[in-house]
Each structure stands twice: as C-alpha cells, then as structure tokens.
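> could you work out the structure for the sequence below:
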Amino acid sequence: MDFTTSIQKWYRQNQRELPWRSTKNPYHIWLSEVILQQTRVEQGMPYYNRFVEKFPAVKDLADASEDQVLNLWQGLGYYSRARNLHAAAKTVLQKHKGKFPSTYSEIMSLKGVGEYTAAAVASIAFDLPHAVVDGNVYRVLSRVFKVDTPIDSSAGKKEFQLLADELIDPKNPGTHNQALMEIGSLVCTPSKPDCEHCPISHLCLSFADKTSLNYPVKQGKTKIRKRNFHYLVITDGKKVILKKRAEKDIWTGLYDFRMVESDESEKQIENQIRKLHPVSVNRELHLTHILSHQKIEATFWFVSVKKIVSKKGETSVLIKDLDKYPMPRLLIRYLESKHCSLHK
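Numbers count the residues shown, from 1 in each chain. Next up is the predicted model:
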C-alpha cells in the first residue's frame, strides 16, 4: 500500500477516541488545537472539556472577561495562548458575526493562529487540502524519507512543508493530517519508536538501515535564560497584596505578589525588605520553576504588617478570595505548599 492509504487505514483502526474528533464544529476543533500546543493530550483534555462547558459557542468566549478566561486556563502555561484565544473569539464575533471563518486565509488572520493551526482547522473542519506540520509530523517524515535538514532551520521548515503538501490526500485531508500526527504520537515516538507495528515501516528509509533515532535533526538548543524572583507576600492576616502583570513578559494578565527581580544574594534582599518592613519578615520557601526558555529561582518572603498599603497598580484582596484571581503555576505551587502561611 502507498503512504496515504497505509496511514489512513491504520488511523481508522487505531485512533484514540477524543471529543474534538467526533465533531466538525470549527470552534471546538480550533479550541482543541490551541490547548494542545505544547501540551500533552492527557493534560489538555480536562481544560478542553471545561472550556466547552463554560463557553459552548465562540460568542460565549468572546463575551467573557479576560480574568474569566485566564482563570479557566490557570495551570496550563503559555498564557499568551489564552489571551490570543480570547482576542480571536472577539474578532470572530465582530468581523464574522459569530460564525467561525471557513477559509484558510481567514482562519490564519485570527490572532495567535499560525500555519499549523490554520491547516488543522481548515482540513479537519472544512475538508480543505492544507497539510499540517507539527513536531510529530517532522519526526515521521524525517525518518520515512531520511531528511537531514534541521527542522529548526528556515530551510528545514520550508522543505518539510513542501513534502507534507505533496503527500496530502486532497479527498480526505483531515483524516490524512490526523493519521500522520497520531502515528507520530503513538508509534513513531522520539526515543522508542515502535517500528514493528508502524503502518509505513515498509516505506521507511531509516527503518531499513536502522537509523531512525538519528532523525529528526536539530541545529542547536535554545539558550535558557536564568532569572531570580523575590516575592513579598505582604499581609495583615485578612488581606494580601496582589499585582496584575501588565508588562510584556511572561504571565502578562496574571496576578502575582509584589516582586523584586534581582541577582543579589538572599541576605542582601532580606536587608532591603527589613528596611521597609522591620516588624516581621520570614523567608518561607524557595521554588525552582522551569519554562520552555527560562529557569526561574523564586524565593517567597512572608511579610506581616499591621496595615495594608498598596502601591500604584496593586490591589489588596481577601485571602479567602485568592482562587478568584488567575495566577501562574509557580504561585499556585506556593499557595498549595505546607510552608505557605496564608491559609494557616
């Protein structure tokens, strides 16, 4: 059997039953694609279900507040996805009168939508012949055809897109794309590919000479930025100071405590805090938080005060209402820690 026939036959027999695969609703398909960016299916599934339940139609998402959207997204990471999702829903409501656009170019024009997402929605929801290229597709195609052009290079991205475009089944583009991605996810895995059960091993050049693990090729690792955050958990026992992150940085739109970013020693930071708050300062906890391109070393300082005094851009909230404010996973870890004094 040829490439297309082989992968589609395997897919019909082995595909996972996922809720977004039982619908042609472009909004739900788009929602699933955004949630599953940089996210495993097992982790993303509960979020997809919650979003569909809370915002069953794109108008419901567009009408929600940013805090509502971020709160529902809380813990999933890459929060720009949620903000872009919300902005795109507003565009669908305002520009397309609430009807999800049905052409590749219109889908591509939505905020946060790139070539992959546009191709996925166009092919799956509207049967348009646009090939998807994600991490799974890179891996399968590079191994089957022994393409050694680095996938993280401009040349590689163009080459793999052209190859995927040549292979797409114009009669069943959605099934073709999902089959290719599913094989990459379940069979042609990064470190332990199950070549014996692969439906296209008879076509795979790297399987033939046992070089599968040499593909795909990458030109280099992304440099990790290291940062030191010092959080001041300032409270009078009933309220605590929060600040909504507005700067163009990680976690924009989320809430965190008053924070100082500094490479100074903890002792130096503690002395600075004590000059401002001499009554009660305790180092509670240190957490390491890993993001895709950043490593954050976070120290939490518990500062007990008699009277809450907020600065510009800050707000004092009741401790019992903290769960109403969307926060980054790092702060959720602190609040869930046995060392956190706010709930004691």
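> tell me how far K295 lies from E247.
Look at K295 and E247: by Cβ to Cβ, to the nearest Å, they are 19 Å apart. C-betas here are computed from N, CA, C, even on glycine.
> N271 should be in a strand, yeah?
No - assessed by DSSP: H, G, I helix; E, B strand; the rest coil, N271 does not belong to a strand; its assignment is helix.
> on that earlier part again, who's more crowded, K295 and E247?
Neighbour totals were compared for K295 and E247, and K295 leads with 13 against 7 (other Cβ atoms under 10 Å).
> separation between that one and H339?
Distance, K295 to H339, using Cβ to Cβ: 21 Å.
> N71 too?
24 Å.
> list the buried residues for stretch 52-72?
For stretch 52-72, a neighbour-count test (16 or more other Cβ atoms under 10 Å) marks V52, F55, A57, V58, K59, L61, A62, A64, V69, L70, N71, L72 as buried.
> how about the fifth one, nearest residue that isn't a chain neighbour?
Counting by Cβ to Cβ, 6 or more residues apart in numbering, the nearest residue to K59 once its immediate chain neighbours are dropped is G98, at 4.9 Å.
> pretty sure P326 contacts S65?
No - using Cβ atoms under 8 Å, P326 is not in contact with S65, being 10.5 Å away.
> how is this protein carved up into domains?
Per automatic domain parsing, the structural domains of the chain span 3-214, 225-336.
> distance from stretch 146-166 to the middle of the chain?
In terms of Cα atoms, centre = their mean, to the nearest Å, the centre of stretch 146-166 is found 23 Å from the chain centre.
> swap in stretch 330-344?
For stretch 330-344 - counting by Cα atoms, centre = their mean - the centre lies 24 Å from the chain centre.
> please apply the same query to stretch 21-31.
How far stretch 21-31 lies from its chain's middle: 18 Å, per Cα atoms, centre = their mean.
> what comes into contact with that stretch?
Here stretch 21-31 makes contact (Cβ atoms under 8 Å, 6 or more residues apart in numbering) with 15, 19-20, 48, 51-52, 57-58, 85, 92, 100, 102, 107, 113, 117, 120-121, 124-126, 178.
> contact partners for the residue nearest to K59?
Residues near G98 by Cβ under 8 Å, 6+ apart: A57, V58, K59, A62, V92.
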